[in-house]
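1. how would this look folded up:
(one chain, ligands or ions: 2)
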Amino acid sequence: MSDIAFLGGGNMASAIMNGINRGIKSGDLPQLIVDVFDKNKDKLEIWASLGASGLLNVQENLSNTKLWILAVKPQNMRELCESIAKYIREDTLILSVAAGLSTEVISSWLSGHKKIVRCMPNTPTSLGMGATGIFAPKSVSEQEYSMIKSILRTTGLTIELQDESLMDSVGALSGSGPAYIFYFIEALVEGGVELGLDRNTSEELAIKTVVGAGLLASNSDTPVSKLRENVTSKGGTTRAALDVFEKHNFKEIVKEAMKAARNRSEQLSKENN
Ligand SMILES: NC(=O)C1=CN([C@@H]2O[C@H](COP(=O)(O)OP(=O)(O)OC[C@H]3O[C@@H](n4cnc5c(N)ncnc54)[C@H](OP(=O)(O)O)[C@@H]3O)[C@@H](O)[C@H]2O)C=CC1
Ligand SMILES: O=C(O)[C@@H]1CCC=N1
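-> Ligands and ions are numbered 1, 2, ... in the order given. Have a look, this model is predicted:
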């Protein structure tokens with residue numbers, strides 16, 4: 001019998017499991033028994049090293065597990081939910097990490113079960129550096145919500161939302177955000193190579209610059225715009241570069257991309273309903 005069952009054992013599930021292990025190690029969480037169900041045998045092999053049991057098929061004893069973490073792609077969620085609904089008990093607590101899918105939609109696939117919390121994590125969760133939005137409907141008790149929050153806090157920053165529809169916006173910012181930053185790093189690396197640096201040097205400089213700037217923004221009380229100004233000497237090199245960003249409406253491009261992510265999240269709910 002396990003305390004937590006991950007249904008889907010891919011990227012996000014293993015990132016959250018790293019947080020859980022960190023929490024157990026630091027004493028913030030009690031020792032927990034974790035099962036992971038994934039239909040791919042190869043994916044299950046990594047789970048033993050994370051201290052969890054990997055299982056190919058959902059079994060009846062899933063009913064004895066208090067917390068189920070649903071971590072399959074939105075496109076696979078309906079089929080998964082309908083296959084596990086028969087094991088659900090009145091006090092089973094569900095945590096969904098899926099983009100787009102509302103608690104109402106997931107409830108309809110779980111025979112009307114109401115104890116469903118949603119979260120929108122991101123992959124830096126695996127380092128305890130995640131940024132996660134959480135939403136719980138009124139049907140989830142304070143005690144149940146606290147239990148889930150204590151688990152998610154081991155993965156980094158958690159922000160509680162009162163309005164479920166804002167989960168789509170959180171997804172468009174911090175959920176997808178690491179991919180935007182990696183894309184920007186790729187551009188910096190390619191730019192460095194075009195300016196004559198070798199690829200390794202370019203990559204090292206690009207990654208350390210993003211990490212350093214992120215830490216500076218995070219550890220300083222100075223507004224980000226002022227930190228930017230501190231780099232930008234009048235008539236200097238940074239100004240020349242920022243003028244190009246502004247000429248091409250960089251901020252507008254970022255905002256349009258985020259709206260596309262938010263709209264796609266809204267669409268996922270309709271498409272998979
Ligand atoms: N990746 C990210 O950065 C983020 C992801 N999310 C959300 O997390 C969820 C999972 O994403 P991610 O971890 O990236 O996906 P992955 O594809 O890495 O993991 C999902 C795993 O579940 C397996 N699976 C699918 N259907 C079933 C089933 N019925 N029973 C058991 N296992 C099944 C998949 O197998 P197969 O590949 O064969 O289908 C796969 O191994 C998504 O809903 C996504 O929206 C949220 C925030 C960030
Ligand atoms: O791309 C996606 O749909 C998922 C949700 C947020 C990050 N990855």
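2. how about the helix or strand Val211 falls within: buried residues?
-> With elements taken from DSSP states H and E, the one containing Val211 is helix 199-219. Buried residues in helix 199-219, counted by 16 or more other CB atoms under 10 Å: 202-203, 206. C-beta: built from backbone N, CA, C; applies to glycine.
3. what's the answer for stretch 251-270, then?
-> 258, 261-262, 264-265, 268-269.
4. what's in contact with that stretch?
-> Stretch 251-270 is touched from outside by 74, 98-102, 105, 167-169, 171-173, 175-176, 180, with contacts defined as CB atoms under 8 Å, 6 or more residues apart in numbering.
5. Assumed Ala5 was part of a strand.
-> Yes. Under DSSP: H, G, I helix; E, B strand; the rest coil, Ala5 falls within a strand.
6. what separates it from ligand 2, distance-wise?
-> 21 Å (CB to the nearest ligand atom, to the nearest Å).
7. ok, now which ones touch the residue nearest to Gly133 when sequence neighbours are not counted?
-> Leaving out its chain neighbours, the residue that sits closest to Gly133 by CB to CB, 6 or more residues apart in numbering is Val170, at 3.4 Å. Val170 makes contact with 120, 133, 159, 161 under the criterion CB under 8 Å, 6+ apart.
8. between those residues, which has the most around it?
-> Met120 (28 neighbours; other CB atoms under 10 Å).
9. Return the backbone torsion pair for it.
-> With angles defined as degrees, to the nearest 10, Met120 sits at phi -130, psi 90.
10. Help me confirm that it comes into contact with Gly177.
-> No. Using CB atoms under 8 Å, Met120 is not in contact with Gly177; the gap is 10.6 Å.
11. hang on, the earlier thing: which one of the buried residues of helix 199-219 is nearest to ligand 2?
-> Set against ligand 2, the nearest of the buried residues of helix 199-219 by CB to the nearest ligand atom is Ala206 (22.0 Å).
12. Please tell me how far the closest one sits from ligand 1.
-> In terms of CB to the nearest ligand atom, Ala206 sits 21 Å off from ligand 1.
13. Next up, the contacts around the residue of the stretch 1-150 of the chain found nearest ligand 2.
-> As assessed by CB to the nearest ligand atom, ligand 2 sits closest to Ala99 within the stretch 1-150 of the chain, at 3.7 Å. Neighbour list for Ala99: 74, 120, 168, 171, 175, 265, 268 [criterion: CB under 8 Å, 6+ apart].
14. want to throw the residues you listed into CSV with pLDDT, distance to Lys138 and secondary structure?
-> What follows is those, written out as CSV (pLDDT from 0 to 100; distance: CB to CB, whole Å; DSSP: H, G, I helix; E, B strand; the rest coil):
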residue, pLDDT, distance to Lys138, secondary structure
Pro74, 96, 24, helix
Met120, 98, 20, strand
Asp168, 97, 20, helix
Gly171, 98, 22, helix
Gly175, 98, 24, helix
Ser265, 95, 23, helix
Leu268, 90, 24, helix
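15. does Arg118 sit in a helix, a strand or a coil?
-> Per three-state DSSP, Arg118 ends up strand.
16. how about the helices in the stretch 151-273 of the chain?
-> 167-170, 177-194, 199-219, 224-231, 237-247, 250-271 (DSSP state H, counting those that start in this stretch).
17. For the shortest one, list the C-alpha coordinates in CSV.
-> So the one you mean is helix 167-170. Provided in CSV are the C-alpha atoms of helix 167-170 (Å, rounded to 0.1, in the frame of the first residue of the first chain):
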residue,chain,number,x,y,z
MET,A,167,-4.1,28.5,-14.2
ASP,A,168,-4.0,29.0,-18.0
SER,A,169,-2.1,32.2,-17.5
VAL,A,170,0.3,30.6,-15.0
